[in-house]
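# The following comprises the amino acid sequence and a computationally predicted model.
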Amino acid sequence: MKSRLVFLSLVITLSSASAIFYAVAKAQERPGCFMVSPSGQVSDLGELCNSTTREREAMQNRDEAMQNRYQEVFQNARKLAKAGQYQAAINEYSRAIELNPEMVEAYSFRSAAFAMIPGQEQRGIEDAHKAAEILRARGDEERATWMDRQAESVQGVIEERRMGLE
């Protein structure tokens with residue numbers, strides 16, 4: 001008798017599990033977003049998933065727009081620096097950094113622009129160190145060391161100007 005009860009219990013458990021697996025399989029056949037309860041009840045979560053998808057897409061669009069804006073400002077700064085308009089370039093690099101505070105390139109190029117303006121070199125050293133700090137946080141020791149060398153180069157510019165060798 002006891003073995004029959006165990007067998008019946010096992011059959012009922014397997015039947016329930018089969019029903020749940022069947023419900024999951026059916027839910028996966030339909031496009032959308034579903035949840036299957038332990039009892040095998042399938043609930044359509046389409047509206048919830050769609051709002052999450054819309055929010056995610058909106059965030060991606062916003063991120064892409066910010067990245068595009070950053071690139072536009074950054075490229076404008078590069079053009080100004082190439083034209084020898086260092087202070088204007090610094091202003092644009094600063095705008096780029098406001099748009100993306102973790103963008104190493106903006107700190108690096110702004111560092112070089114600061115080095116070109118007598119009296120602003122120390123700020124160039126600070127930018128090179130900031131870029132190195134970001135790179136180290138990302139685990140990129142090789143590029144961080146390169147930025148440390150850039151800071152040393154700017155320090156060399158300061159020494160040359162002090163000695164009147166510029």
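Thanks, I have the structure now.

# Can you give me the buried ones in the helix or strand containing S94?
Element membership for S94 (DSSP states H and E) is helix 86-99. Neighbour-count burial for helix 86-99 flags Y86, A88, A89, I90, N91, E92, Y93, R95, A96, I97, L99 (criterion: 16 or more other CB atoms under 10 Å). C-beta coordinates here come from the backbone N, C-alpha and C atoms, glycine included.

# what about the helices in this structure?
2-29, 46-82, 86-99, 104-115, 121-137, 141-163 (DSSP state H).

# Now the ones you listed in JSON lines, please, with extra columns for mean pLDDT.
Formatted as JSON lines, these follow (pLDDT from 0 to 100):
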{"stretch": "helix 2-29", "mean pLDDT": "46"}
{"stretch": "helix 46-82", "mean pLDDT": "79"}
{"stretch": "helix 86-99", "mean pLDDT": "95"}
{"stretch": "helix 104-115", "mean pLDDT": "94"}
{"stretch": "helix 121-137", "mean pLDDT": "95"}
{"stretch": "helix 141-163", "mean pLDDT": "91"}
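
# right, so the ones you listed: which one is the most enclosed?
Sort these by mean neighbour count, taking mean count of other CB atoms under 10 Å, and helix 104-115 sits at the top with a mean of 24.
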